[in-house]
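Peer 1: give the three-dimensional model of this entry:
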Amino acid sequence: MARIWLTLGAIYGLLSVSLGAFGAHGLRGRVAEPTHRGGVVAVVRRLLAEAERYYASSRLGISQLPFRSAWAVAGARAVYRDIGRLVLRRGAAAWEERAATGTGRKLALVLGSGLTAAAAVAVGRGPEAEPRAGLWTRPH
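Peer 2: Numbering: from 1, shown residues only. Just a heads-up that it's a prediction; the model follows:
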């Protein structure tokens, strides 16, 4: 496991240095400029559409975890999905203020995720029931 993290760290570190060599430091500020907003919105829409496919496919992994871990993963999935949906609803205005899930909404999502996790763990699912086609899968 440590080797994987070391490798990922080296890749991200190398990526960061490489981007800096090409003048990408400060990219965040340039991307956030209103003149680029339409392009950013289009990219975020595509990313969130792809994220929906991963959220749907996560049910298999959740069903294979112990209940407490399944609940934690399902809760995180629900909260981050909710934030993504808020960004989609706001469109170009999403960058005017931080997109966040309020405490009450977050509590409701996490409690609901407990039911999702309990059902997934109790029933379980096989890989054939999950929409994994075209999604990244860990090599065996």
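Peer 1: helix, strand, or coil at A100?
Peer 2: Under DSSP: H, G, I helix; E, B strand; the rest coil, the three-state class of A100 is coil.
Peer 1: could you pull out the helices in this protein for me?
Peer 2: For the chain, applying DSSP state H gives helices covering 2-21, 27-31, 37-63, 67-90, 103-123.
Peer 1: of all those helices, which lies closest to L135?
Peer 2: Of all the helices of the chain, it is helix 37-63 that lies closest to L135, at 5.7 Å by Cβ to Cβ. All C-beta spots, glycine's among them, are computed from the backbone N, C-alpha and C.
Peer 1: how close does A70 sit to G112?
Peer 2: 13 Å (Cβ to Cβ, to the nearest Å).
Peer 1: more crowded one of the two?
Peer 2: Looking at A70 and G112 with other Cβ atoms under 10 Å, you find the greater number of neighbours at A70, namely 23 against 13.
Peer 1: wait, the more buried one touches A119, no?
Peer 2: No - taking contacts as Cβ atoms under 8 Å, A70 lies outside contact range of A119: 9.8 Å.
Peer 1: quick one: low-confidence ranges for the chain?
Peer 2: Within the chain, the set of residues satisfying pLDDT under 70 comprises 1-29, 31, 125-131.
Peer 1: number of residues surrounding E33?
Peer 2: Residues near E33, counting by other Cβ under 10 Å, number 10.
Peer 1: any idea how far apart the tips of stretch 60-69 sit?
Peer 2: The straight-line separation of the ends of stretch 60-69 (Cα to Cα, to the nearest Å) is 13 Å.
Peer 1: identify each buried residue in that stretch, please.
Peer 2: Within stretch 60-69, the residues scored as buried using 16 or more other Cβ atoms under 10 Å are 60-63, 65.
Peer 1: could those go into a markdown table alongside distance to K106?
Peer 2: Formatted as a markdown table, the buried residues of stretch 60-69 follow (distance: Cβ to Cβ, whole Å):
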| residue | distance to K106 |
| --- | --- |
| L60 | 25 |
| G61 | 22 |
| I62 | 18 |
| S63 | 23 |
| L65 | 21 |
